[in-house]
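Participant: give me the fold of what follows.
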Amino acid sequence: MKADIDEMAEYFSQISFDILDAHRTVVEPGKKQLDTYTAPASGLVFPLRGRARMTFDGVTYEMEPGRVFHAGPRMTLDKEVVGDTEWEFILVHYQVSDSDKHVFPHSSSHYELEPGYNPHISELLKKFHHTSTMSGSLQSLRAKSLFFTIMDEVLTCYGKRRNEDSRELVEQAMEYMNAHYMEPLTMPSLAELYGLSSKQLAYLFQKYAGMSPNAYLIEQRVNHARELLCTTACSVTEVSAYVGYSDPYYFSKLFKKRTGVCPSTLQRCFEKNTG
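Facilitator: Coordinates of the predicted model:
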């Protein structure tokens, strides 16, 4: 599943945990292991190159650079290297204190983050791996500090990527409404096209367009109706139907509310001025 950035930031900023180990592993193409289990501790997989397919408790993830994966302890695990190149990754195991396990259940969950490929994260990971293999309290402190820096970078990039994707989704929804405004569109059906709930679509529209999706649709319909009233001989009833409203009385009320003038009045004024 996809992780929520705010929940992840809260989780890693507030839990008490110890980094147990960090392994950098290279696996040959075609290698497969089925019916195994994850470690007794929580783990984060940072792909460096190649591709692999891992299934945690029946849920499959396609692993490749630009993505980060989390798995809880003692989960069923199937794994397979995909393609004809080696699969290289860094696996970090960490242990959450017993008091935090119930407050922050993310330690026992599987999920993915998608920050996108970032050379800076790769360099930080290599430095972190090298530091974590060295003994001593100071080195442990440095390793934990690097881990926080890595997670900060991952979550920051993930947040920017999600914002870009969300903005693009809103732009696509607007284009769809521009092309289908004359059809009987509903917000639930529109949201479903993009795999969202009506509430999620409304939130994204308000964030990136400054209005609700329904308000945007009405704006498009009214603009097209105004153009038709001023450039054609269509009746108000015909214009109403053309822009997606089967009830011309409702259309007239809506049009006047948005423009300050009744559609029939606008039409007469235009005919008078051009007659």
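Participant: how long is stretch 107-123 end to end?
Facilitator: Across its full length, stretch 107-123 reaches 25 Å end to end, with CA to CA, to the nearest Å as the criterion.
Participant: in that stretch, what's buried?
Facilitator: By 16 or more other CB atoms under 10 Å, the buried positions in stretch 107-123 come out as Ser107, Ser109, His110, Tyr111, Glu112, Leu113, Glu114, Pro115, Ile121, Ser122. From N, CA and C alone the C-beta is placed, and that goes for glycine too.
Participant: got the contact list for that stretch?
Facilitator: 1-3, 5, 8, 15, 17, 42, 46, 48, 56-57, 59, 61, 65-73, 75, 96, 100-101, 150, 153-158, 161 (CB atoms under 8 Å, 6 or more residues apart in numbering).
Participant: next: stretch 206-217.
Facilitator: Identification of contacts with stretch 206-217 by CB under 8 Å, 6+ apart yields 166-167, 170-171, 173-174, 177, 181, 185, 187, 190, 201-202, 205, 219.
Participant: could the buried residues of stretch 107-123 go into TSV alongside secondary structure, distance to Val81 and pLDDT?
Facilitator: Below are those laid out as TSV (DSSP: H, G, I helix; E, B strand; the rest coil; distance: CB to CB, whole Å; pLDDT from 0 to 100):
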residue	secondary structure	distance to Val81	pLDDT
Ser107	helix	27	89
Ser109	coil	25	92
His110	coil	19	95
Tyr111	strand	22	94
Glu112	strand	18	93
Leu113	strand	21	92
Glu114	coil	20	90
Pro115	coil	22	91
Ile121	helix	22	93
Ser122	helix	19	91
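Participant: nearest to Glu86 among those?
Facilitator: Distance to Glu86 across the buried residues of stretch 107-123 (CB to CB) is lowest for Ser122, with 15.8 Å.
Participant: tell me where the longest helix sits in the chain.
Facilitator: Taking DSSP state H as the criterion, the chain has its longest helix at helix 137-180.
Participant: what about Val221, how many neighbours?
Facilitator: Small correction: residue 221 is Arg, not Val. By the measure other CB atoms under 10 Å, the count of residues near Arg221 is 24.
Participant: shouldn't it be within a strand?
Facilitator: No. Under DSSP: H, G, I helix; E, B strand; the rest coil, Arg221 sits outside any strand and is assigned helix.
Participant: related to what we said a few turns ago, PyMOL command for the buried members of the contacts of stretch 107-123?
Facilitator: A single PyMOL command selects the buried members of the contacts of stretch 107-123 (16+ other CB under 10 Å):
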select buried, resi 3+5+8+15+17+42+46+48+56+61+65+67+68+69+70+71+72+73+75+96+100+150+153+154+155+157+158+161
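Participant: and the contacts of stretch 107-123, which of them are in strands?
Facilitator: Using DSSP state E, Phe17, Ser42, Phe46, Leu48, Phe56, Val59, Tyr61, Val68, Phe69, His70, Ala71, Val96 are the members of these that sit in strands.
Participant: of those, closest to Ser235?
Facilitator: Nearest to Ser235 among those, with distances taken as CB to CB, is Val59, at 56.9 Å.
Participant: quick one, what contacts the closest one?
Facilitator: Applying CB under 8 Å, 6+ apart, one finds that Val59 lies in contact with Met1, His110.
Participant: if we ignore the residues flanking it in sequence, what's nearest the residue nearest in space to the middle of the chain?
Facilitator: Most central in the chain under CA atoms, centre = their mean is Arg162, positioned 4.6 Å from the mean C-alpha point. Once flanking residues are discounted, Arg162 sits nearest to Ile5: 6.6 Å by CB to CB, 6 or more residues apart in numbering.
Participant: what about the one you found, distance to Tyr176?
Facilitator: To Tyr176, Ile5 is 27 Å away according to CB to CB, to the nearest Å.
Participant: likewise Arg67?
Facilitator: Distance check for Arg67 against Tyr176: by CB to CB, it reads 29 Å.
Participant: do Leu20 as well
Facilitator: Distance, Leu20 to Tyr176, by CB to CB: 49 Å.
Participant: pretty sure Leu77 sits in a strand.
Facilitator: Yes. The assignment for Leu77 is a strand, going by three-state DSSP.
Participant: if I pick Thr60, what's in contact with it?
Facilitator: Arg53, Met54.
Participant: any idea how far it lies from Glu80?
Facilitator: Distance, Thr60 to Glu80, using CB to CB: 10 Å.
Participant: find residues that contact each of these two.
Facilitator: Residues touching both Thr60 and Glu80 by CB under 8 Å, 6+ apart: Arg53, Met54.
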